[in-house]
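Asks: one predicted model, sequence on top.
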Amino acid sequence: MDKPIILSIDTSCDETSAAVTSGRLVLSNVISSQISIHQKYGGVYPALAKRAHQERIDYVVQKAIQNAKKNRFDAVAVTQGPGLAIALEVGIKKAKQISENPLAIRENHRLPLIAVNHLEGHIYSCLAQSVGGLPKREIIFPALCLVVSGGHTELVLMKNHGEYQLIGETLDDACGEALDKAAMILKLGYPGGPVIEKLASKGEALRSYILSQPLKDKKNLNFSYSGLKTQFLYLIQSLSQKEFSQNLQNLALSFQTACFEQITRKTSQAIRVYQPKMILCGGGVISNKTLRKLLRQTAKNNNLPVFFPPKKNLITDNAAMIGVAAYYKYLRGEFVKNIDLLDREPRMTLDSHKLQADSR
């Protein structure tokens with residue numbers, strides 16, 4: 001049986017992306033980054049993000065179609081949320097246009113539209129495959145899902161396809177956001193995660209600074225990074241210019257270690273409580289090699305398999321992961337009934353009872 005061909009769009013934050021997928025196979029995945037636009041602001045500037053999405057969306061969609069060499073689709077999918085509200089609306093508007101005026105479809109029929117939760121996309125990025133069908137992976141339920149990105153740090157129990165239980169989330173800053181703020185404190189620019197990782201790789205553990213761990217004595221599975229960021233700021237302010245300059249790598253290592261200790265600690269705790277069969281990891285911060293190494297060790301300690309997105313361009317925000325998630329919604333018949341009523345959900349959650357899925 002042929003898998004549905006889905007054209008997907010993601011404009012959740014500062015990447016304009018479109019992709020074509022066939023089931024789990026990624027036929028094309030075009031991503032236009034806005035990093036150069038937002039660097040001087042030290043973060044994403046909403047109005048500029050929206051404008052860039054508007055300027056690039058048509059080109060990105062056409063490029064994805066061209067690269068996939070497809071001219072007929074079974075559905076169009078789009079990120080509904082969570083994300084930056086005025087950025088989300090650009091992708092949703094384009095998806096509606098394609099649905100109502102499809103590029104190639106039977107006459108008098110609109111193209112079915114699938115609304116996807118961005119976080120669900122990060123989870124399903126682990127299942128994305130090349131055109132050759134690799135890697136061959138299947139989810140064993142229940143699965144523990146860890147999403148670590150600039151806007152989210154969450155633990156989700158996935159009971160089946162489309163069935164989620166949010167068991168832990170950040171109470172303030174997300175891990176990626178905290179890394180960006182630490183980089184600003186160190187005057188390293190934006191985005192902070194990659195430069196923190198590079199410096200930390202050259203740091204010396206014995207010369208690193210100790211930062212107390214947030215929520216260390218709490219039994220819940222939530223995360224907190226705001227206090228850690230404040231601790232780090234006070235530490236930097238207490239140093240002389242000489243000590244600061246001589247220990248930049250050690251300072252980066254100290255903050256990164258504290259960030260990731262909380263993640264591995266909470267993940268281990270979730271494993272003990274919920275006894276999952278495997279671990280799925282997604283989100284931009286998962287690109288950090290040290291974090292992946294720590295999570296592999298955590299999985300090994302608990303005799304569990306762990307999956308990460310198989311390619312680098314599937315880790316950051318992208319439309320291919322939206323297409324893979326949409327495939328499973330397509331199989332369940334979860335299509336938008338009235339596209340006029342589809343609206344952005346910037347604070348959308350991944351609890352199954354809150355998903356905005358709309359069965360046909």
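Replies: Now that the structure is in, tell me what you want to look at.

Asks: so what's the residue nearest the centre of the chain up against?
Replies: Nearest to the mean C-alpha position of the chain, by C-alpha atoms, centre = their mean, lies Gly283 at 3.2 Å. Gly283 sits next to 122, 146-149, 152, 176, 315 when contact means C-beta atoms under 8 Å, 6 or more residues apart in numbering. In this view, the C-beta of every residue, glycine as well, is placed from N, C-alpha and C.

Asks: can you tell me how far the closest residue to Leu166 other than its chain neighbours is from Gly150?
Replies: Leaving aside its sequence neighbours, Leu166 sits nearest to Asp351 (C-beta to C-beta, 6 or more residues apart in numbering; 5.0 Å). Taking C-beta to C-beta, to the nearest Å as the measure, Asp351 and Gly150 are separated by 21 Å.

Asks: more neighbours, those two?
Replies: Remark: of Asp351 and Gly150, Gly150 carries more neighbours, 25 against 12, as counted by other C-beta atoms under 10 Å.

Asks: count the neighbours of the nearest residue to that one once chain neighbours are set aside for me.
Replies: Distances taken as C-beta to C-beta, 6+ apart put Gly176 closest to Gly150, at 3.5 Å, once the chain neighbours are dropped. By the criterion of other C-beta under 10 Å, Gly176 has 24 neighbours.

Asks: and Gly176, what is it in contact with?
Replies: 148-151, 153, 193, 283-285.

Asks: mind redoing it with 7 Å?
Replies: When contacts are counted by C-beta atoms under 7 Å, 6 or more residues apart in numbering, Gly176 touches 148-150, 193, 284-285.

Asks: helices - which of these land there?
Replies: Gly193 (DSSP state H).

Asks: okay, the contacts of Gly176 in CSV with pLDDT and distance to Ile236 next?
Replies: Formatted as CSV, those follow (pLDDT from 0 to 100; distance: C-beta to C-beta, whole Å):
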residue, pLDDT, distance to Ile236
Val148, 97, 24
Ser149, 93, 25
Gly150, 88, 22
Gly193, 94, 18
Gly284, 96, 24
Val285, 97, 22
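
Asks: which of the contacts of Gly176 lies closest to Val273?
Replies: Val148 (19.2 Å; C-beta to C-beta).

Asks: tell me the bridge partners for the closest one.
Replies: Thr153 (DSSP bridges).

Asks: was I right to think it contacts Ser287?
Replies: No: with contact defined as C-beta atoms under 7 Å, Val148 does not reach Ser287; the gap is 9.7 Å.

Asks: neighbour count winner among those two?
Replies: Val148 (28 against 17).

Asks: please give me every residue in contact with the more buried one.
Replies: 175-176, 263, 283, 285-286.

Asks: could these go into JSON lines alongside distance to Tyr328?
Replies: As requested, the contacts of Val148 are exported to JSON lines (distance: C-beta to C-beta, whole Å):
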{"residue": "Cys175", "distance to Tyr328": "27"}
{"residue": "Gly176", "distance to Tyr328": "26"}
{"residue": "Ile263", "distance to Tyr328": "26"}
{"residue": "Gly283", "distance to Tyr328": "19"}
{"residue": "Val285", "distance to Tyr328": "24"}
{"residue": "Ile286", "distance to Tyr328": "21"}
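
Asks: other residues contacting the helix or strand of the chain with the lowest mean pLDDT?
Replies: In the chain, no helix or strand scores lower on mean pLDDT, DSSP states H and E than helix 35-38, which sits at a mean of 85. By C-beta under 7 Å, 6+ apart, the list of residues contacting helix 35-38 from outside reads 14, 44-45, 48, 52, 190-191.

Asks: burial count for Gly323?
Replies: 38.
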